[in-house]
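[1] Sequence first, predicted model second:
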Amino acid sequence: MEFLNFNPRDKSLKLEEAPVPVPAENEVLIRVSFAGVSETDIQTIEGSYPRKENEDAVLLGREIVGVVQAIGSAVTTLSVGQAVAVNPNEGCDVCNFCRAGGYNHCQKAGAASTPEIWRNGGWRTHALVPEKQVYLVPAGVTLSQAVLAEPLSYLAHSWAKINPVEVGTGTLVIGAGILGFLWASLLHLHGLRKTVTIIEPRIKRRKLFEKLDLGFRALDIDDVKGEEFDLVIDCSGAGSATETALTSLGSGGRLCLVGSTNPLAEIKFKPFQATRKEFSIIGAHINQFTFGRTLSLITAMGDTYLDYEKLGIGVYKLSRYEEALAAVKTGDITKAVFKF
């Protein structure tokens, strides 16, 4: 198999080859069709995202879809040839968080077991995944759409936490990366129209956003100074953007933090703002049993919202990884996806 190796010691990437692995009794061997490049991947390469210390090389990529090539002897729910998507998050099933339905807070598994951070991910032609984390892709959903299930499952978890979001809610989305584009699409799907604004400092990204043709405003940060919103969704992960979000909240407003935040980011905050305006700050961490529902959500969104050209997604061969990562960093695309 071909794979893209990441060396955490010197932050280098190298294309290599190895024999195709054999699944253990509870594992599924997936012939990968598409693997996404997440913000966490980029932060990991840059060295800003936490991971195990003194580790050997690891494969990045937690957004994985493909076709079942082989199954372990104990696998009962899947068959060779089926199209599948991988939920990168799991729980230990025995801690208090897991037993209360919150595996996203599990200290033993949860984000602590996510491929690309703590174990090998999907930037390879063949991936071994535990059966419990593999989901069938519904009929009518393409694999190129299904590879967006992981970031969309994060949105689905966030959506459940901020609901209700009524039609007419004055909404500000911060950051025109792929999360911002998907949030805008989700809001539009749920009936919001001219009350949504997205802000982004880079002109390239604002131009890309116009391709979505949702009828939402795409502005620079300074263009919304003085405006107040009922709901602010911060997809940027930047501390400075969160400060902007807090000052943009109206009385009784809600701020939802959903970006892949740099762990070292800090903000200045005046508690008086919260008591005077009675606003709420809502954090959302990975997904919480939303992956299966997200595949149904993808069915509803379809080509109308998940068109790669409109979303600004670039598709690359794994061998073009340097070009793909550079295009994301410069803002030429919102997201890169490797096609195998």
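    Everything's here; your move. Numbers count the residues shown, from 1 in each chain.
[2] Just name whatever secondary elements the helix or strand of the chain with the lowest mean pLDDT is in contact with.
    Within the chain, confidence by mean pLDDT, DSSP states H and E is lowest for strand 58-59 among all helices and strands, at a mean of 82. Packing partners of strand 58-59 (3 or more Cβ pairs under 8 Å, 6 or more residues apart in numbering; DSSP states H and E): strand 2-7. (C-beta placed from N, C-alpha, C; glycine too.)
[3] Dump the C-alpha coordinates for the strand it packs on into CSV.
    This file holds the C-alpha atoms of strand 2-7, laid out as CSV (Å, rounded to 0.1, in the frame of the first residue of the first chain):
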residue,chain,number,x,y,z
GLU,A,2,1.0,3.6,-0.5
PHE,A,3,0.9,6.0,2.5
LEU,A,4,2.0,9.5,3.6
ASN,A,5,4.1,9.2,6.7
PHE,A,6,4.3,12.1,9.2
ASN,A,7,7.4,12.3,11.4
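[4] now the angle between strand 2-7 and the helix or strand just after it, please.
    Where DSSP states H and E defines the elements, the next helix or strand beyond strand 2-7 is strand 12-17. Strand 12-17 and strand 2-7 are oriented at 150 degrees to each other (axes from the mean of the first three to the mean of the last three Cα atoms, to 10 degrees).
[5] Paired strands for strand 12-17, with orientation please.
    strand 2-7 (antiparallel) (DSSP bridges).
[6] quick one: the helices in the stretch 151-300 of the chain?
    Residue ranges of the helices in the stretch 151-300 of the chain, as given by DSSP state H, counting those that start in this stretch, are 178-189, 203-210, 239-248, 271-277, 291-305.
[7] name the helices or strands packed onto the first one?
    Under the contact definition 3+ Cβ pairs under 8 Å, 6+ apart, helix 178-189 sits against helix 149-162, strand 171-174, strand 196-199, helix 203-210, helix 291-305, helix 308-311.
[8] Identify the residues contacting the first one?
    In other words, helix 149-162. Helix 149-162 has contacts (Cβ atoms under 8 Å, 6 or more residues apart in numbering) with 36, 38, 62-63, 65, 85-88, 104, 135, 165, 178-179, 182-183, 186, 231, 233, 254, 256, 258, 282, 284, 286-288, 290-291, 293-295, 297-298.
[9] What subset of those residues is buried?
    Buried positions within the contacts of helix 149-162, assessed by neighbour count (16 or more other Cβ atoms under 10 Å), are 36, 38, 62-63, 65, 85-88, 104, 135, 165, 178-179, 182-183, 186, 231, 233, 254, 256, 258, 284, 286-288, 290-291, 294-295, 297-298.
[10] returning to that earlier point: tabulate the helices of the stretch 151-300 of the chain (CSV), appending mean pLDDT.
    CSV is the format used below for those (pLDDT from 0 to 100):
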stretch, mean pLDDT
helix 178-189, 98
helix 203-210, 95
helix 239-248, 90
helix 271-277, 90
helix 291-305, 96
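[11] which one of these has the most crowded surroundings?
    helix 178-189 (a mean of 23; mean count of other Cβ atoms under 10 Å).
[12] Name the surrounding residues that touch that one.
    39, 148, 151-152, 154-155, 159, 165, 171, 173-174, 196, 198, 200, 208-209, 212, 214, 216, 233, 235-236, 258-259, 300-301, 305-306, 311-313, 334-335.
[13] ok, now with 6 Å
    The contact list for helix 178-189, computed with Cβ atoms under 6 Å, 6 or more residues apart in numbering, reads Leu155, Val173, Val196, Ile198, Leu214, Phe216, Ile233, Cys235, Tyr305, Leu311, Thr334, Lys335.
[14] Also stretch 272-284?
    By Cβ under 6 Å, 6+ apart, stretch 272-284 touches 157-158, 161-162, 249, 251-258.
[15] TSV for the helices and strands packed on helix 178-189, including distance to Thr242?
    Formatted as TSV, the helices and strands packed on helix 178-189 follow (distance: least, Cβ to Cβ, whole Å):
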stretch	distance to Thr242
helix 149-162	15
strand 171-174	8
strand 196-199	13
helix 203-210	18
helix 291-305	26
helix 308-311	24
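[16] how about the ones you listed, which one is nearest Val58?
    Nearest to Val58 among those is helix 149-162; the distance by Cβ to Cβ comes to 17.9 Å.
[17] What are the buried residues along that closest one?
    Ala149, Glu150, Pro151, Leu152, Ser153, Tyr154, Leu155, Ala156, His157, Ser158, Trp159, Ile162.
[18] Next: stretch 319-336.
    For stretch 319-336, by 16+ other Cβ under 10 Å, it's Tyr321, Ala324, Leu325, Ala327, Val328, Gly331, Ile333, Thr334, Lys335, Ala336.
[19] avg pLDDT for that stretch?
    Here stretch 319-336 scores 96 as its mean pLDDT.
[20] from the middle of its chain, how far away would that stretch be?
    How far stretch 319-336 lies from its chain's middle: 16 Å, per Cα atoms, centre = their mean, to the nearest Å.
[21] next one: stretch 171-185
    That offset, for stretch 171-185, works out to 12 Å (Cα atoms, centre = their mean).
[22] now do stretch 16-24
    That offset, for stretch 16-24, works out to 27 Å (Cα atoms, centre = their mean).
[23] Give me the residues contacting it.
    Met1, Glu2, Phe3, Asn5, Leu29, Ala70, Gly72, His126, Leu128.
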